[in-house]
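**Q** pasted the sequence and its predicted model underneath.
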Amino acid sequence: MKEQKTEVLFTKEEIQDRVKQMAGEVSGDYRGTVPVLVCVLKGAVVLLSDFMRRLDIDVEIDFMAVSSYGNSTKSSGIVRILKDLEASIENRHVIIVEDIIDTGLTLSYLKEILLSRNPASLKIAALLDKPERRETDIEADYCGFCIPDKFVVGYGLDFNQMYRHLEDIRVLLEFE
Ligand code: IMP
Ligand code: MG
């Protein structure tokens, strides 16, 4: 595979600091409850893994995989469930853990599906947000970093399934 040029946007240390802050906020907000963290596969696994270990409250985790029809860099808004949650979320406090909100189409669809299952509450924690590209009015309740309209990889985020293992987050230059 052709080596692509990348440029570091957030270092490992910057990401770890921010994830720790987000976990502190969530721990405070959910004290006394046992929320379910719903990790959206595959991109959010790295965030989930770091984030959950920074919490000082009890949580359960569950996984969901969705695929949006479209190519690797553009979302179509039509989402298919590839893997559903294992457990019921009825009357549970749910936090969707997502890597990035781009157009917002994936998350607004997911939110609708999960809300129809009557959780006690539903919030979104996303590491990255690209507000410029939004096509719906969805917002993260807990957001790591707002970023410009650039395609990024690393820390779970991929380009054609590559780069997920990087510890920092990088802008992929000349990706098309
Ligand atoms: P949305 O439906 O447009 O918000 O798309 C969200 C999904 O697109 C994310 O969960 C990512 O999988 C993917 N995505 C959007 N932007 C990027 C990016 O810059 N790098 C890698 N994946 C991205
Ligand atoms: Mg994703």
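**A** That came through, no problem. Predicted model only: the values in this text are computed from it and were never measured. Numbers count the residues shown, from 1 in each chain. Ligands and ions are numbered 1, 2, ... in the order given.

**Q** following the longest helix along the chain, which helix or strand comes up?
**A** Looking across the chain with DSSP state H, the single longest helix is helix 12-29. Next helix or strand after helix 12-29 toward the C-terminus (DSSP states H and E): strand 36-41.

**Q** for Met64, list each beta-bridge partner.
**A** Beta-bridge pairing for Met64 (DSSP bridges): Val40.

**Q** let the chain start at 29 from now.
**A** Sure, I'll start counting at 29 from here, so that last one is Met92.

**Q** so how many other residues sit close to it?
**A** Close neighbours of Met92, defined as other Cβ atoms under 10 Å, add up to 19. C-beta here means a position set from N, CA and C on the backbone, and glycine is covered the same way.

**Q** Val107 is in contact with that one, correct?
**A** No - using Cβ atoms under 8 Å, Met92 makes no contact with Val107, being 10.5 Å away.

**Q** could you measure from Ile43 over to ligand 1?
**A** Applying Cβ to the nearest ligand atom, to the nearest Å, the value for Ile43 to ligand 1 is 15 Å.

**Q** for that residue, which non-adjacent residue is closest in space?
**A** Tyr183 (6.0 Å; Cβ to Cβ, 6 or more residues apart in numbering).

**Q** pull the contacting residues for that neighbour.
**A** Counting by Cβ atoms under 8 Å, 6 or more residues apart in numbering, Tyr183 makes contact with Phe38, Ile43, Val74, Leu75, Asp127, Leu155, Arg192, Leu194, Glu195, Asp196, Ile197.

**Q** would you point out which residue is most central in this protein?
**A** Of all residues in the chain, the one closest to the mean position by Cα atoms, centre = their mean is Glu126, 1.2 Å from it.

**Q** what's across from it in the sheet?
**A** Ala154.

**Q** buried residues of the helix or strand of the chain with the lowest mean pLDDT, list them for me.
**A** Within the chain, no helix or strand scores below strand 107-111, which has a mean of 90 by mean pLDDT, DSSP states H and E. Neighbour counts using 16 or more other Cβ atoms under 10 Å place Val107 of strand 107-111 among the buried residues.

**Q** which strands or helices does it pack on?
**A** Applying 3 or more Cβ pairs under 8 Å, 6 or more residues apart in numbering; DSSP states H and E, we find strand 107-111 packed against strand 88-96, helix 133-143.

**Q** quick one on the thing from earlier: top of the contacts of Tyr183 by neighbour count?
**A** When neighbours are counted by other Cβ under 10 Å, Leu155 leads the contacts of Tyr183 with 30 neighbours.

**Q** might one say that that residue is in contact with Tyr170?
**A** No - with contacts counted by Cβ under 8 Å, Leu155 stays clear of Tyr170, the gap being 9.4 Å.
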